[in-house]
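Visitor: quick one, fold the following:
(one chain, ligands or ions: 2)
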Amino acid sequence: MNILHVASEVAPYSKTGGLADVASALPRAVAARGDRVAIVLPRYRTDPARFGLARRLGSVVVPLGAARLEVGVLEGRLPGGGGPVEAWLLEHPAFDRAGLYGEDGHDYADNALRFALLSRGALAVAAEKGFRADVIHAHDWQAAPSLLYARRGVAAAARTVLTIHNVAFQGLFAPSVAGELGLGAELLHPEGIEFYGSVGYLKAGIVFADRITTVSPRYAREIQTPEMGCGLDGLLRARADRLVGILNGADYDTWDPRRDPLIARAFDAAHLDGKHACKAALQRELLLPLRPRTPVVGAVSRLAGQKGTDLLCEALEHLLPERDLQVAVLGRGDRGLEERLYDLGRRFPTKLAVRTVHDEPLAHRIYAGADLFVMPSRAEPCGLAQLYAMHYGAPPIVRATGGLDDTVVDFDRISRSGTGFKFAEATAGALAAALRRALVAYQHEGEFADLARRAMAQDFSWGRSAERYRLIYRP
Ligand code: ADP
Ligand code: GLC
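Guide: Ligands and ions are numbered 1, 2, ... in the order given. Okay, here's the model as predicted:
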């Protein structure tokens, strides 16, 4: 089979979150099983020299409504393990910006055009390359229009798959873009691409995809409810026979404490002394007191209501004064939440370190150096951070929602089972109680080491999930 992926971010070229990791690892895992796989993404400001990208094609013309836009194409092989994946990065001035989707908390005003260009451009470049897609697999709202463009004649024979990584981001734009960008003005009605007076890119994908997937079984159920469907639950219920939840994998080629060049010392479940060295290195790097028996709790996350960052701030208000613990937070996002964390950090400089940048190597060092990891999400389609934390021996403290509920088993001291700590209610009190439970467990050295080893022994590699995607790719 020939499979064409379309995504707005793909690691290591560009990344703001888990989508980039999945859009990189899933194609390689599928290619490893013998299919021919290509992926199209915007270039943004990706450095061609760093990734061995070359310009082989002349410019490609992309028709968008009445307009004809020209894009350049940088080509290369997607880095990482698994099978070979051809990567085609589209160059256009509209992508050549400091951010991927916006700057300073504001989306770019021309995102409707930018991601229609990605979506339609992907089909144009595939045609130019002679790549006849049997399957077009679009990720999230930014790529969803490619399925509609394909359906409208450009690649009508291809089967189409939409993966919803987060139903809260829908790509809603003025209705005029339907005609202007060639999506089809006649589709501007509730059974088509209209969403309460706007054009909805994600909705267009849901309406027109042959198959719809999301990134965990529980989230597949959740998005069919009014509480969590963000207005698309009715449509998703109507298309339930086309919808399936397939758990994301973790790319253990990139995320492996036994051979991670970014961490202070390699370790595995049998050699946790390496992890102790990583903890000391992390404390040193973050200017926290070097105390081997003080538990370090890590967090690597977008700072947002969805991620429960406000719950974390509130819980820390209570815990930092009363407990012997250290917290390392790496994340960017909501300005108010950044400020709140900095403020806490100023009040408790020996207990809380905050870094509000995107720093891939530091993320690895936090997973490796932390004793525990916290992820109090209100909603979590799958979540990758908790999978990495488990693999690096930092049992996660998570809210029982979406993929967090599907991947973490609550610790039970009596039966010596579990891989982390779960709480149900989205309140600071419930989070603080779970954190306290984890801190008590940490005091029992032997039991806690067993818990960390159980977490490390979990296998979330991509194999099984890649096979499930291959099943739905079939006619
Ligand atoms: P989401 O995609 O909703 O943000 P995931 O848990 O699926 O959540 O994925 C988050 C990914 O982004 C992980 O790979 C995590 O390590 C990474 N990440 C989040 N914030 C940062 C940051 N500030 N610096 C580096 N990596 C980050
Ligand atoms: C989204 C979700 C996250 C998921 C990621 C990759 O960003 O918020 O839960 O892990 O996509 O699918």
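
Visitor: need the CA coordinates for the longest helix seen in the chain. PDB is fine.
Guide: Assignment by DSSP state H gives helix 111-128 as the longest helix of the chain. Extracted C-alpha coordinates of helix 111-128, given in PDB (Å, rounded to 0.1, in the frame of the first residue of the first chain):
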ATOM      1  CA  ASN A 111      -4.300  30.100   9.400                       C
ATOM      2  CA  ALA A 112      -7.200  29.200   7.200                       C
ATOM      3  CA  LEU A 113      -5.100  29.800   4.100                       C
ATOM      4  CA  ARG A 114      -1.900  28.400   5.600                       C
ATOM      5  CA  PHE A 115      -3.400  25.000   6.400                       C
ATOM      6  CA  ALA A 116      -5.500  24.800   3.300                       C
ATOM      7  CA  LEU A 117      -2.200  25.300   1.500                       C
ATOM      8  CA  LEU A 118      -0.700  22.400   3.500                       C
ATOM      9  CA  SER A 119      -3.700  20.200   2.800                       C
ATOM     10  CA  ARG A 120      -4.100  20.900  -0.900                       C
ATOM     11  CA  GLY A 121      -0.300  21.200  -1.400                       C
ATOM     12  CA  ALA A 122       0.200  17.700   0.000                       C
ATOM     13  CA  LEU A 123      -1.900  16.300  -2.800                       C
ATOM     14  CA  ALA A 124      -0.200  18.400  -5.400                       C
ATOM     15  CA  VAL A 125       3.300  17.400  -4.300                       C
ATOM     16  CA  ALA A 126       2.300  13.700  -4.200                       C
ATOM     17  CA  ALA A 127       1.000  14.000  -7.700                       C
ATOM     18  CA  GLU A 128       4.200  15.700  -8.800                       C
END
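
Visitor: helix or strand next in line after that helix, which one?
Guide: strand 135-139 (DSSP states H and E).

Visitor: pull the residues that contact that following strand.
Guide: Around strand 135-139, the neighbours that count as contacts under Cβ atoms under 8 Å, 6 or more residues apart in numbering are 1-8, 19, 22-23, 119, 122-123, 144-147, 150, 155, 158-163, 165, 205, 209, 469, 473. Backbone N, C-alpha and C define where each C-beta goes, glycine included.

Visitor: ok and that strand relative to helix 111-128, angle-wise?
Guide: 160 degrees (axes from the mean of the first three to the mean of the last three Cα atoms, to 10 degrees).

Visitor: which residues touch the closest residue to ligand 2 within the stretch 51-200 of the chain?
Guide: Relative to ligand 2, the nearest point of the stretch 51-200 of the chain is H165 (3.3 Å; Cβ to the nearest ligand atom). Residues near H165 by Cβ under 8 Å, 6+ apart: 18-19, 22, 139-140, 214-215, 381-382.

Visitor: how about TSV for those residues, with neighbour count added?
Guide: Converted to TSV, the contacts of H165 look like this (neighbours: other Cβ atoms under 10 Å):
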residue	neighbour count
G18	23
L19	26
V22	26
H139	29
D140	25
T214	28
V215	27
P381	29
C382	27
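
Visitor: please produce CSV containing those, extended by secondary structure, distance to Q224 and pLDDT.
Guide: Below are these laid out as CSV (DSSP: H, G, I helix; E, B strand; the rest coil; distance: Cβ to Cβ, whole Å; pLDDT from 0 to 100):
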residue, secondary structure, distance to Q224, pLDDT
G18, helix, 22, 97
L19, helix, 21, 98
V22, helix, 22, 98
H139, strand, 20, 98
D140, helix, 18, 98
T214, strand, 10, 98
V215, coil, 15, 98
P381, coil, 13, 98
C382, coil, 17, 98
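
Visitor: and ligand 1, which of those residues reach it?
Guide: 18-19, 382 (Cβ under 6 Å from any ligand atom).

Visitor: from the contacts of strand 135-139, which would you call buried?
Guide: 1, 3-8, 19, 22-23, 119, 122-123, 144-147, 150, 155, 158-163, 165, 205, 209, 469, 473 (16 or more other Cβ atoms under 10 Å).
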